[in-house]
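Trainee: Okay, predicted coordinates and the sequence, questions at the end:
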Amino acid sequence: MSTRPVVSQPALRVRVGILALVAAVACTADPAGAIDVKLSMEEAKKSLAAGREPMMKASDAAKPDEEVKKVLQHASMMTRVGADPEKEPCGTSAILRTKRFWLESFGRKEATESKKQNTSVRMPDEKILKYLDMPNLEIEVQLCGDDEYFAEGVQVAFQQGSKNIKPVDVSPAERGRKIELPNKTAAYRTRFVSRFAYDSFDANAKTKVVVFFLDGKQIEIEADFSKVK
């Protein structure tokens, strides 16, 4: 005949306390991850300011054109995954146009217009709300090939573990633009845009952005969404 071990009241209280703590942590964890799917109006205005302030400072610098260029280059890298075009002009990369991306870009436009009009220009709240309610993540893929039509019919998907996530839509790739590479060879660079529903993927997961060509070729871009805002 088996007997149950006797658990003292103090030990029982400790166990209950630990379980409660674990439950509290689980409830307060942010399931949306680093790509912020839900932003408040206050957070949106902070993002607008984050885009606006560096541009205002750059415009007031001794050499504004150079400083503005630096601001824009930095901004383009914040949500880019894959190759750095400054180091690999023909590398494959993707810019993830998150809600914060759009808001910060409009913050920079606010700064530019404020400078032109010599007054404070701000996006109205109703327009901010439209960006907060955006259902899709937009990505712009940039890649190179051997001729100007190499990317015709190109498709893209997210792979997260065994899950293959298709976009809501994919725009046709632009006609390739010829570029000269440092090794004296030429290539054609193009880009295309696609959109993925925020509720179709894990916004905090390591992901592969996979580009599919009509001839069966594939290119993969490693992306850690937990590091993208």
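Mentor: Looks like it came in fine.
Trainee: With adjacent residues omitted, what lies nearest to the most centrally placed residue in the chain?
Mentor: Most central in the chain under C-alpha atoms, centre = their mean is residue 96, positioned 3.1 Å from the mean C-alpha point. Leaving aside its sequence neighbours, residue 96 sits nearest to residue 79 (C-beta to C-beta, 6 or more residues apart in numbering; 4.4 Å). Any C-beta I mention is one placed from the backbone N, CA and C, and that applies to glycine too.
Trainee: what about residue 38, distance to residue 199?
Mentor: Per C-beta to C-beta, to the nearest Å, residue 38 is found 11 Å from residue 199.
Trainee: same question, residue 144
Mentor: 33 Å.
Trainee: Who has more neighbours out of the two?
Mentor: More neighbours surround residue 144 than the other of residue 144 and residue 199, with 20 against 9 (other C-beta atoms under 10 Å).
Trainee: any idea whether residue 189 is helix, strand or coil?
Mentor: strand (DSSP: H, G, I helix; E, B strand; the rest coil).
Trainee: Let me see the contact set for it.
Mentor: 89-90, 142-144, 176-177, 179 (C-beta atoms under 8 Å, 6 or more residues apart in numbering).
Trainee: Then residue 147?
Mentor: 176, 188.
Trainee: How much space separates the closest residue to residue 70 other than its chain neighbours from residue 162?
Mentor: Spatial nearest neighbour of residue 70, excluding adjacent residues (C-beta to C-beta, 6+ apart): residue 58 at 7.1 Å. According to C-beta to C-beta, residue 58 stands 45 Å off from residue 162.
Trainee: From the neighbour counts alone, determine which of the two ranks first.
Mentor: Set side by side, residue 58 and residue 162 show more neighbours around residue 58, with 20 against 5, by other C-beta under 10 Å.
Trainee: what helix or strand is the more buried one on?
Mentor: helix 41-59 (DSSP states H and E).
Trainee: does residue 106 sit in a helix, a strand or a coil?
Mentor: helix.
Trainee: neighbours around it, how many?
Mentor: Neighbour tally, residue 106, other C-beta under 10 Å: 20.
Trainee: mind checking the SS state of the closest residue to it other than its chain neighbours?
Mentor: Nearest residue to residue 106, sequence neighbours excluded (C-beta to C-beta, 6+ apart): residue 123, at 5.6 Å. What three-state DSSP gives for residue 123 is coil.
Trainee: Repeat that for residue 102.
Mentor: With three-state DSSP as the criterion, residue 102 reads helix.
Trainee: show me the contacts for it.
Mentor: 131, 134.
Trainee: what's the pLDDT at it?
Mentor: Looking at residue 102, its pLDDT reads 95.
Trainee: picking up where we left off before, in TSV, list the contacts of residue 189 along with secondary structure and distance to residue 129.
Mentor: Output for the contacts of residue 189, formatted as TSV (DSSP: H, G, I helix; E, B strand; the rest coil; distance: C-beta to C-beta, whole Å):
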residue	secondary structure	distance to residue 129
89	coil	39
90	coil	40
142	strand	31
143	strand	34
144	strand	39
176	coil	38
177	strand	37
179	strand	40
